[in-house]
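S.K.: Kindly return the folded structure for what I paste below:
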Amino acid sequence: MPTKEPSPACQGETEVPGGIYVHIPFCMRKCPYCDFYSITDLELLPVYLNALHAEIRLTAAENNFPCDTLYLGGGTPSLLGPEALQRLIQEIRCRHPLPENAEITLEVNPGSMSPETLKAFRQAGINRLSIGVQSFSDARLQFLGRIHSAEQAHATIQAARAAGFDNLGLDLIYGLPDQTAGDWAEDLEQATAYGPEHLSCYILSYEPGLPLTRKLHSRLFTPLPNEAVAALFEQTIAFLSTKGYEHYEISNFAAQTGLRSRHNQKYWTFAPYLGLGPSAHSHQDGRRRWNHRSLSRYLSDLAAGRLPLETEEILSHQQQILEAVFLGLRQSRGIDLGWFDKKFKMNFQEVFAETIQRLHQEGFLQVTAGHCRLTTTGKLVLDGIVDLFVAGL
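M.R.: Sure thing, here's the model as predicted:
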């Protein structure tokens, strides 16, 4: 049964449960489109795990807020194996207590584990899987540099169900060169045939300095035109709606409200969260900090008994306002105007009256039932819309 939609956390409201993210920066092979920090030297796994356990202990004193989600991401966190993951979860539960009903998510890649391993993950305490399928087309998987096949993707989903996982999330990527509406419909059909509780559908982006971006600049392929990408975005929303999925965030869909990613909602609702591992970010009460994006610096700091912080910042009042606008507009529910006015002691509709009027007239934004939300067209140009709010503040 759907649960009540959570209200955004307010600054200082430590009774609002937070989340813990653990970054496992290891991959068998780096994908050419991925900008997340990872390395392929698996021999460093044991020394990394020792350092990670040290960071868990060091952060225990500072983590003074309750948490009800744990997300193990990467990289490819399943490379740790069931025993190491079980020890890791036990260490976190010991130092950063989690309730029995905590959502514990593990990212896995198809073809990187056996059915027996999936069963062991379930026994180790993992109750939610996020499977990096990306596509059910071997040709598109090859373009993306994935190491698994479409057949392995199917097998992994089936094995996950057989292992007892009743909360599955599938990740898909679209907007690839020459991808048609029919191609994308085929991926969506195959994904929804398994009845996953959650779907994340990401538009392929070309981040600076990555191998796929270099190929683009070398004109080795032609990117899909923006108009075609926009059409696929609208197709995604329409198709998944017919299958009963709720579009609750720009890239995320849930079979029902209670099956949204509880952890990811922490990032969008100002809830506190703790990040562990290289490049991981943390946030609490307007204070944001992040770890070194370097395993060697991460290891050396922890070996010296120091937290591996690269930097931290205290968000100004204006920065918090703009972050609330950006994060609120990412969500289909939009910005809760009552919450916003109370939190920032200002009237959203008065402060941004000119911006709201302009965006409404252009069909990008609407204000209804106490919420300011983007239309489907508006979601396609979120960054540009946020820039207008920045200018209007």
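S.K.: So which residues of the stretch 151-300 of the chain form helices?
M.R.: 181-192, 211-217, 226-242, 264-268, 295-303 (DSSP state H, counting those that start in this stretch).
S.K.: To residue 45, which of those helices lies closest?
M.R.: Across the helices of the stretch 151-300 of the chain, residue 45 has its closest neighbour in helix 295-303 (10.5 Å, C-beta to C-beta). Just so you know, the C-beta spots here come from the backbone N, C-alpha and C atoms, and that holds for glycine as well.
S.K.: after the closest one, next one along is what?
M.R.: As assigned by DSSP states H and E, the chain's next helix or strand after helix 295-303 is strand 309-314.
S.K.: could you point out which element follows that next one?
M.R.: Immediately after strand 309-314, counting by DSSP H and E, sits helix 317-330.
S.K.: and that following helix, what does it pack onto?
M.R.: Packed against helix 317-330, as judged by 3 or more C-beta pairs under 8 Å, 6 or more residues apart in numbering; DSSP states H and E, are the following elements: helix 264-268, strand 335-336, helix 337-344, strand 371-374, helix 382-392.
S.K.: contacts for the longest one?
M.R.: With contacts defined as C-beta atoms under 8 Å, 6 or more residues apart in numbering, helix 382-392 is touched by 250, 322, 325-326, 329-330, 351-352, 354-355, 358-359, 364-365, 374, 378.
S.K.: residues of it that come out buried?
M.R.: For helix 382-392, the neighbour count (16 or more other C-beta atoms under 10 Å) marks 385, 386, 388, 389 as buried.
S.K.: from the chain's centre, how far out does it sit?
M.R.: Remark: helix 382-392 is offset 22 Å from the chain centroid, using C-alpha atoms, centre = their mean, to the nearest Å.
S.K.: Switch the helices and strands packed on helix 317-330 over to TSV; also include mean pLDDT and distance to residue 213.
M.R.: Conversion of the helices and strands packed on helix 317-330 to TSV gives the following (pLDDT from 0 to 100; distance: least, C-beta to C-beta, whole Å):
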stretch	mean pLDDT	distance to residue 213
helix 264-268	94	25
strand 335-336	96	33
helix 337-344	95	36
strand 371-374	97	27
helix 382-392	93	18
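S.K.: could those be laid out in JSON lines, adding distance to residue 227?
M.R.: Output for those, formatted as JSON lines (distance: least, C-beta to C-beta, whole Å):
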{"stretch": "helix 264-268", "distance to residue 227": "28"}
{"stretch": "strand 335-336", "distance to residue 227": "28"}
{"stretch": "helix 337-344", "distance to residue 227": "33"}
{"stretch": "strand 371-374", "distance to residue 227": "19"}
{"stretch": "helix 382-392", "distance to residue 227": "16"}
